[in-house]
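Asker: Got a sequence here, can you build the structure:
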Amino acid sequence: MKLDSRFRFESFVVGSSNRLAVAAAKAVADAPGVLYNPLFVYGASGLGKTHLLHAVGNAARARQPTLAVEYVALDSYMDELHHALQGGRLEQFKQRYEACGFLLLDDVQFLTGRTEVQAELLRLFNGLQARGTQIVLASDRPPDEIADVADRLLARLAGGLTVDVGTPDYETRVAILQKLSRDRDARFRDGVLEELARIDFSNIRELQGGLNRLIAHEGLRGAPVAPADVRTLVSPGSTPASGTPQRGGSPTDFASYMREVTTVVEKAVPAWKVRLGEAAARWRAEGVQVAVLERAMALPEAPDVDGLVSTFAAAVEYLRDLERQGSAADPALAGHPIFLDPERVQEAHALVQQAVADIEPPPGPDPALAFSTFVEGEPNRMALRAAHAVVEKPGTQFVPLVIAGPSGSGRTHLLHAVGNALADGGVPNVACLPAAAFAEELIAALRDGAVEQWRARYRNAGALLLDDIDAIAGKERTQDELYHLFNALQGAGRQIVLTSSRAPLELTALEERLRSRFAQGLVVELRSPDRALRRELHARHLAGGRWPVTDDVLDLLADRPARSAGDVVTAARRLRDAASRNNLSITPGFVAVELDGATVRRTASRHLMADPERFIQRWSDFGNRLMEDDA
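Answerer: All right, here's what the predicted structure looks like:
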């Protein structure tokens, strides 16, 4: 994976909770392989470990521009190893990591039970440390708490310096908030950020989520936040997360690869055939076709060696990205020789695009559930404006947007409305489905041996919208797949929208690493409908009948309490259908018969056999009163 240039020491706020870890990280960046090797950084999710790893890599590369720095999350390393085994390219895989001059390995906690990966890492660590290559590791727990790891590898993990990153103190939280606000060009009244910093968030992601909520309130409501409002507007359930940066590549970056090579080889610069020969030998050992370099060595005049070698290396890296994408879509593409020939970049790209196009698209949103049919009111206004905001700039503001509310609150309607708007706006392959269906698809893929195709189906989605995320509680494999999918989509700048019954941090049946990421953007709540919204919902869903609905009927219906918007819509549709079926207009009395009378009828059915005569008399009295009301 590529280093993320945004994550540097200059943008990392240092406090008492992370000072030792930052000092150690800077020391190994200044003198790789000399002081602490390996450096093992651990701490809870959301405290900046990934930022620190990228900062180390960026600093080391700034000091030594030719240094081969490899950053990789353990799950990606495992995927690469799996594909190398499938494609018969294990030796090339080994040589790639053995050739690195600085290794950064994230999410080491996932080593648990991975016997094959542990064996390969032990071999790699032995080789790298023997040559003095610096290794920096990050995990959510110290080495001795990572379960089921071989003793020899555990000794390697803990053989250097182990430092922790803790929860930031108040002063550090204020400094972080000030920096984040400056980066977002957000300005608040005096005391607002200080009040936010006093809230007991457990990590920086939660802190960032609280800031996002304040920014959303000011931006979406158009009103400044006062210090006294902060605790009301921000709850510890509204939280954030930093995704693992993912490598992306543009097909246009190398579409004119051979034309660029032709240009650079025509330039006359001081000869350096030795370097071209060394580069050709290196790539040849990894199985890469080096005809371009060989032709350059045979030129009567020397080319631009630096430009040629750099372009060639970039083409090889892009082909590896293409192979990963292609083998995810079609496992048969793993080890295809086209991915070893930099002169066939365009063909390789076309082959992968076809494989991706052949994947069945994910389920999309229901066209009937659009913004135009969603009734706005005070209880849902904040959520509706946030939904419009992510449609306007998908993948840039609130990733994810979490819509929390009880069943029937309109969260499903709003989720599909976002999906339809994203699709109308040009976002390709919008995936919109219940989380339970997502889990069922995974089970079917596991049963049919089609997990890679299933993964590709969603990793190629332009946006991911999952309804009722509560449904994956207790489904460990689904949560694991969703964690990696979330990181991949977030790293690619794609929009994610989730719905749940409660704020993410309250979903304790889900893994902490998921809860942290779900809460990273903006959490908005849908409340029970107030009187104005109830009236508008009834007016909308009673419209179109044979007779117009009068204001006194709408006022009567609006006065009836309801737990959710869904209850209001159900009642309105029941009235409309009954009026149409019986060819009657909707009057206050009709409302009482259809809505209140239903309760009476249910109660009566339980007493009818016990005392039929008494029931008939009571029902007659009730009916007469209704007729008097209508008169």
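Asker: can you pull the buried residues of stretch 114-132?
Answerer: 114, 117-118, 120-122, 124-125, 128-129 (16 or more other CB atoms under 10 Å). C-beta coordinates here come from the backbone N, C-alpha and C atoms, glycine included.
Asker: Sketch out the low-pLDDT regions of the stretch 351-500 of the chain for me.
Answerer: The stretch 351-500 of the chain contains residues with pLDDT under 70 at 357-358.
Asker: Helices of that one, start to end?
Answerer: All helices of the stretch 351-500 of the chain, identified by DSSP state H, counting those that start in this stretch, fall at 381-392, 411-424, 435-448, 451-459, 476-491.
Asker: Go through the ones you listed and pick out the most buried.
Answerer: Compared across the helices of the stretch 351-500 of the chain, helix 411-424 shows the largest average neighbour count, a mean of 23 (mean count of other CB atoms under 10 Å).
Asker: which helices and strands does that helix pack with?
Answerer: helix 381-392, strand 401-404, strand 430-434, strand 463-467, strand 495-500 (3 or more CB pairs under 8 Å, 6 or more residues apart in numbering; DSSP states H and E).
Asker: Reformat the ones you listed as CSV; add distance to Glu98.
Answerer: Shown next, in CSV, are the helices and strands packed on helix 411-424 (distance: least, CB to CB, whole Å):
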stretch, distance to Glu98
helix 381-392, 44
strand 401-404, 43
strand 430-434, 39
strand 463-467, 36
strand 495-500, 36
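Asker: Could you measure from Leu415 over to Pro504?
Answerer: Using CB to CB, to the nearest Å, we find Leu415 at a distance of 15 Å from Pro504.
Asker: again with His83
Answerer: Distance from His83 to Pro504, by CB to CB: 33 Å.
Asker: out of those two, which sits in the busier spot?
Answerer: Between His83 and Pro504, counting by other CB atoms under 10 Å, Pro504 is the more crowded of the two (27 against 22).
Asker: distance of that one from Ala404?
Answerer: Pro504 is 8 Å from Ala404, by CB to CB.
Asker: How about Pro561?
Answerer: Distance from Pro561 to Ala404, by CB to CB: 21 Å.
Asker: out of the helices and strands packed on helix 411-424, nearest to Arg63?
Answerer: strand 495-500 (36.5 Å; CB to CB).
Asker: neighbouring contacts of that closest one?
Answerer: 387, 390, 394-395, 399-405, 411-412, 414-415, 418-419, 422, 427, 462-470, 486, 489-490, 507, 518, 521 (CB atoms under 8 Å, 6 or more residues apart in numbering).
Asker: again, only using 6 Å
Answerer: 390, 394-395, 399-404, 411, 415, 418, 463-470, 489, 518 (CB atoms under 6 Å, 6 or more residues apart in numbering).
Asker: Run the angle between it and helix 381-392 for me.
Answerer: Going by axes from the mean of the first three to the mean of the last three CA atoms, to 10 degrees, strand 495-500 is angled at 150 degrees with respect to helix 381-392.
Asker: strands paired with strand 495-500, and their directions?
Answerer: Strand 495-500 pairs in its sheet with strand 401-404 (parallel), strand 463-467 (parallel), by DSSP bridges.
Asker: And what about Val41, helix, strand or coil?
Answerer: Secondary structure, DSSP: H, G, I helix; E, B strand; the rest coil: Val41 is strand.
Asker: Return the residue spatially closest to it, with its sequence-adjacent residues excluded.
Answerer: Closest residue to Val41 apart from its sequence neighbours, by CB to CB, 6 or more residues apart in numbering: Ala138 at 4.9 Å.
Asker: Where does that neighbour fall, secondary structure wise?
Answerer: strand 134-139 (DSSP states H and E).
Asker: Show me where the stretch 151-300 of the chain has its strands.
Answerer: 161-164 (DSSP state E, counting those that start in this stretch).
Asker: Point out where it drops to low pLDDT.
Answerer: Checking the stretch 151-300 of the chain against pLDDT under 70 turns up 220-222, 235-272.
Asker: do that again at 90, thanks
Answerer: In the predicted model of the stretch 151-300 of the chain, residues 151-152, 154-156, 158-160, 166-190, 192, 194-300 satisfy pLDDT under 90.
Asker: Show me where it has its helices.
Answerer: 151-157, 170-183, 192-197, 204-221, 230-233, 257-265, 273-285, 291-297.
Asker: Next, the buried residues of the fifth one.
Answerer: Put plainly, it is helix 230-233. 230, 233.
Asker: so how far is that helix off the chain centroid?
Answerer: 26 Å (CA atoms, centre = their mean, to the nearest Å).
Asker: for the residue nearest to Val41, what are its contacts?
Answerer: 41, 49, 53, 106.
Asker: Per the annotation, how does this structure divide into domains?
Answerer: The chain breaks down into these domains under automatic domain parsing: 9-164, 170-222, 251-357, 371-525, 531-630.
Asker: In helices only, show me the contacts of Ala138.
Answerer: If you go by DSSP state H, those have 49, 53 in helices.
Asker: which among the contacts of Ala138 gets closest to Phe339?
Answerer: Asp106 (25.2 Å).
Asker: Nearest residue to the closest one in space, please, no chain neighbours.
Answerer: Ala73 (4.4 Å).
Asker: pretty sure that neighbour is touching Val108, no?
Answerer: No: counting by CB atoms under 6 Å, Ala73 stays clear of Val108, with 9.4 Å between them.
Asker: hang on, the earlier thing: ranking the helices of the stretch 151-300 of the chain by burial, who's on top?
Answerer: helix 204-221 (a mean of 23).
Asker: got a list of contacts for that one?
Answerer: For helix 204-221, contacts defined as CB under 6 Å, 6+ apart pick out 46-48, 173, 177, 180, 186, 196, 201, 225, 233-234, 238-241, 385-386, 516, 519-520, 522.
Asker: Repeat that for stretch 30-50.
Answerer: Under CB under 6 Å, 6+ apart, the answer for stretch 30-50 is 21, 24, 27-28, 60, 102, 106, 132-142, 157, 160-165, 203-205, 241, 513, 516.
Asker: Just the buried ones from those?
Answerer: Buried, going by 16+ other CB under 10 Å: 21, 24, 27-28, 60, 102, 106, 133-140, 142, 157, 160-165, 203-205, 241, 513, 516, out of these.
Asker: measure Cys287 to Glu80 for me?
Answerer: Quick fix: residue 287 reads Gly, not Cys. 15 Å.
Asker: Name the residue in these two with the higher neighbour count.
Answerer: Taking neighbours as other CB under 10 Å, Gly287 and Glu80 compare with Glu80 leading, 18 against 15.
Asker: is it fair to say the more buried one lies in a helix?
Answerer: Yes: if the criterion is three-state DSSP, then Glu80 is within a helix.
Asker: Spatially, what comes nearest to it if we skip its sequence neighbours?
Answerer: That would be Phe93: by CB to CB, 6+ apart, it lies 6.3 Å from Glu80.
Asker: Surely the one you found touches Ala84?
Answerer: Yes: counting by CB under 6 Å, Phe93 touches Ala84, with 3.6 Å between them.
Asker: May I have the helix or strand encompassing Ala571 as CSV, with CA atoms only?
Answerer: Element membership for Ala571, per DSSP H and E: helix 565-582. Extracted C-alpha coordinates of helix 565-582, given in CSV (Å, rounded to 0.1, in the frame of the first residue of the first chain):
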residue,chain,number,x,y,z
ALA,A,565,-44.0,7.8,11.4
GLY,A,566,-44.7,4.3,10.3
ASP,A,567,-47.7,4.0,12.7
VAL,A,568,-49.1,7.3,11.3
VAL,A,569,-48.8,6.0,7.7
THR,A,570,-50.4,2.7,8.6
ALA,A,571,-53.3,4.5,10.2
ALA,A,572,-53.8,6.8,7.3
ARG,A,573,-53.7,4.0,4.7
ARG,A,574,-56.2,2.0,6.8
LEU,A,575,-58.6,4.9,6.8
ARG,A,576,-58.2,5.5,3.1
ASP,A,577,-58.7,1.9,2.1
ALA,A,578,-61.8,1.5,4.4
ALA,A,579,-63.3,4.7,2.9
SER,A,580,-62.7,3.5,-0.6
ARG,A,581,-64.0,0.0,0.2
ASN,A,582,-67.2,1.3,1.8
